[in-house]
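S.K.: what's the 3D shape of this:
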Amino acid sequence: MWAREAVVQAPVRQEAELFRSILDALPYPIFWKGRDLRYLGCNVAFARIVGLAHPDEVVGRIDYELPWRKEDSDFYRANDRRVLESGEPLPECEEPVRGSDGRQRWAQTSKVPLRDGQGVIFGVLGILIDVTEQRETQERFQVALTAGEAANRMLRAQVAEREAMQRALVASEMRLRAAVRGAQVILWALDTRGYFTFSDGGGMAALGLEPGGLVGHSIFELYAEHPDIITQARRALAGESFTGYVLFSGLHYETRYTPVFDESGTLTSVIGLALDVTERVRYHEMLEAELERTRNQLLRVERLATLGTLAAGMGHELRNISTVLNGLRTYFSECAQRGVPPDPEELEELGWACGHVAMHGRHLMELGRPGRSTVERVDLRELVSGSLAMLRTAGIIKHLKVSASVPESPVWVEVNRTRVEQVLLNLVSNATDAVESVRDRPAEVRVRLFEDRSSGTACCSVDDTGVGIPEENLSTIFEPWFTTKPPGRGTGLGLPVVRTILQEFGGDLSVESQVGKGSAFTFRLPLAVRPAL
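M.R.: Residues are numbered from 1 along each chain as shown. Predicted structure coming up:
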């Protein structure tokens, strides 16, 4: 009788041990508690976090006996009770975790209720995913991870140990298989040749597969047309443990490969876990789109600030010209009343005034035109001369010595014309502000354009003899909202926006400065390919 029971129980024990080894091989911490919220078990990864030498040491403990902070333990237990009382899973709950090493981490915890064969809830199961890095970089991504339900079967095996061994092991195996199939994951195992020895999980249905349907097939034959999968399988069979990403059947998967070695260090199998992270990828794409919209709004804000400054200067110039025109109108009226022709010099002055009105109008229209998003091939020399003309017309550089040095031949780049004009207007305007208070030396601004063929870039340097920038501020001048100008004179967005525009077209911006001597801002843009002759 004893021998017959041993023969029946042996396969069940082996399968339970296989699931135990699978759980211990997973990198995600897994735990399970009873209705009294005392721990009934965990896997190796969870035991490592709480500083226990073996997973069995957690049995019978409560959260307050682990290295958690009291407020964190209160939060954990409140979530556990929520699952026990509602009978509903609590997916992706973000919780603080302070391990035995004292380090503060953040984890996304998925919790599900545990039910016995009659459907009665007897505990709660949780699985933790470390999201500390994503939280610190504000790049949180939602991870739909319910693979921890595999521990449900292990827990059932432990709870049923008080009963007959055969009955407990059979019940545990059934529950484990049901949990894996209910979770939206794919769990598999490969032998050393790349043949599937196990495949299960609720995520298989999305691919039109049945549990166990991959067993006996070679991963290299089934997925020969998917090089990403083949490459990952080869890495895992070479003994590498890693997390990869694949796109398969329109779904994004995060795949975790864990090689299993025997006591001699020989590879015996590979365990794989695939999570459907399609929603997380979509969230990331949505976040990138929102960041792009925000960046474009900052570009528009800074451009409007620049346009306002230039338009104010042009308005002042137009008022001066209007005074001249009114004087000429009075003079011409008097000449008409007397029947004498006007003086040629007065006619010449009228032509000058009309020409300047037309020029100012043209510049105002150019400044106010909407920034097109198209990239075109332009001669950077034209942008330099055009930007200086606009600043000169606006009166911003009217009383300064501003010189420009440009090559005789075109300097071709592929950029958005309006945005690069914004770069030049901003840098030259900043240089003008820097020399405004200089009294002990000539106030000069120099713009120098040249090609650096060794790096394949067009370089434009805007130098000034202004006040200079303190060394402690050089590392922060490109941060948003930082400005050294008096209140009302600067938004703190100019240089950050300039750098963003240049990076958009593959360029960069650098600065050299010395207090009391001046500054030099230099930007680079990739040279466009020369047209064929």
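
S.K.: Once you drop chain neighbours, what's closest to residue 207?
M.R.: In space, not counting the residues next to it along the chain, residue 207 is nearest to residue 249; the distance is 5.9 Å by CB to CB, 6 or more residues apart in numbering. Using the backbone N, CA and C atoms, a C-beta is placed for each residue, glycine as well.

S.K.: Same question for residue 34.
M.R.: If you skip the residues right next to it in sequence, residue 34 has residue 123 as its closest partner in space, 4.8 Å away by CB to CB, 6+ apart.

S.K.: What count of nearby residues applies to that neighbour?
M.R.: Using other CB atoms under 10 Å, residue 123 has 26 other residues around it.

S.K.: do the one 3 residues further on as well
M.R.: Counted by other CB under 10 Å, the residues lying close to residue 126 total 25.

S.K.: start the count at 55, not 1, going forward
M.R.: Yes, from this point I'll number from 55; that puts the last item at residue 180.

S.K.: Who are the contact partners of it?
M.R.: Contacts were defined as CB atoms under 8 Å, 6 or more residues apart in numbering; by that measure residue 180 touches 84, 85, 86, 134, 163, 164, 165, 166, 202.

S.K.: looking at it, the first one is touching residue 166, isn't it?
M.R.: Which is residue 84. No. Under the criterion of CB atoms under 8 Å, residue 84 is not in contact with residue 166, lying 11.2 Å apart.

S.K.: quick one on the thing from earlier: quick check, nearest of the contacts of residue 180 to residue 553?
M.R.: Distance to residue 553 across the contacts of residue 180 (CB to CB) is lowest for residue 163, with 39.6 Å.

S.K.: Tell me where this protein has helices.
M.R.: Residue ranges of the helices in the chain, as given by DSSP state H, are 56-79, 98-103, 124-140, 186-190, 204-213, 219-236, 273-276, 281-291, 332-392, 398-422, 434-447, 471-488, 548-558.

S.K.: where among the ones you listed is the average confidence lowest?
M.R.: Mean pLDDT across these is lowest at helix 219-236; the value there is a mean of 53.

S.K.: The nearest residue to residue 110 once chain neighbours are set aside: neighbouring residues, count only.
M.R.: The spatially closest residue to residue 110, leaving aside those adjacent along the chain, is residue 95, at 7.5 Å (CB to CB, 6+ apart). The tally of other residues near residue 95 (other CB under 10 Å) stands at 24.

S.K.: hey, what's residue 95 bridged with?
M.R.: Each beta-bridge partner of residue 95 is listed here, defined by DSSP bridges: residue 86.

S.K.: Looks like it contacts residue 85 (just checking).
M.R.: Yes. Using CB under 8 Å, residue 95 is in contact with residue 85, at 7.3 Å.

S.K.: can you pull the buried residues of stretch 250-266?
M.R.: Residues of stretch 250-266 classed as buried: 250, 252, 253, 254, 255, 256, 257, 258, 265 (neighbour count, 16 or more other CB atoms under 10 Å).

S.K.: wait, stretch 465-483
M.R.: By neighbour count, with 16+ other CB under 10 Å as the criterion, the buried positions of stretch 465-483 are 465-467, 469-483.

S.K.: Check stretch 109-124 too.
M.R.: Residues of stretch 109-124 classed as buried under the neighbour-count rule (16+ other CB under 10 Å) are 109, 112, 117, 120, 122.

S.K.: now the last one, nearest residue through space, not along the chain?
M.R.: In this case it means residue 122. Closest residue to residue 122 apart from its sequence neighbours, by CB to CB, 6+ apart: residue 152 at 6.1 Å.

S.K.: Also the fourth one?
M.R.: The shortest distance from residue 120 to any non-neighbouring residue, by CB to CB, 6+ apart, is to residue 104 (4.8 Å).

S.K.: Could you double-check that that neighbour lies in contact with residue 127?
M.R.: No. Contact between residue 104 and residue 127 fails when scored by CB under 8 Å: they sit 11.8 Å apart.

S.K.: Give the residue from those two that has the larger number of neighbours.
M.R.: Using other CB under 10 Å, the more surrounded residue of residue 104 and residue 127 is residue 104, with 21 against 16.

S.K.: Report the contact partners of that one.
M.R.: Applying CB under 8 Å, 6+ apart, one finds that residue 104 lies in contact with 112, 120, 121, 153, 154.

S.K.: now, which of these sits nearest residue 563?
M.R.: Residue 563 lies nearest to residue 153 out of those, by CB to CB, at 42.7 Å.

S.K.: Counting neighbours, what do you get for the residue nearest to residue 316 when sequence neighbours are not counted?
M.R.: In space, and not counting its chain neighbours, residue 316 is closest to residue 322: 5.2 Å by CB to CB, 6+ apart. Other residues within reach of residue 322, judged by other CB under 10 Å, total 11.

S.K.: Confirm for me that residue 322 is in contact with residue 291.
M.R.: No. With contact defined as CB under 8 Å, residue 322 does not count as touching residue 291 (11.2 Å).

S.K.: which neighbours do the two share?
M.R.: Counting by CB under 8 Å, 6+ apart, the residues touching both residue 322 and residue 291 are residue 246.

S.K.: how close does the residue nearest to residue 110 get to residue 274?
M.R.: Applying CB to CB, to the nearest Å, one obtains 37 Å for the distance of residue 95 from residue 274.

S.K.: show me the contacts for the closest residue in space to residue 287 that isn't next to it in sequence.
M.R.: The spatially closest residue to residue 287, leaving aside those adjacent along the chain, is residue 273, at 5.0 Å (CB to CB, 6+ apart). Counting by CB under 8 Å, 6+ apart, residue 273 makes contact with 244, 248, 249, 250, 283, 284, 287.

S.K.: correct me, but the fifth one touches residue 301?
M.R.: What it means is residue 283. No. The pair formed by residue 283 and residue 301 falls short of the contact definition of CB under 8 Å, at 10.3 Å.
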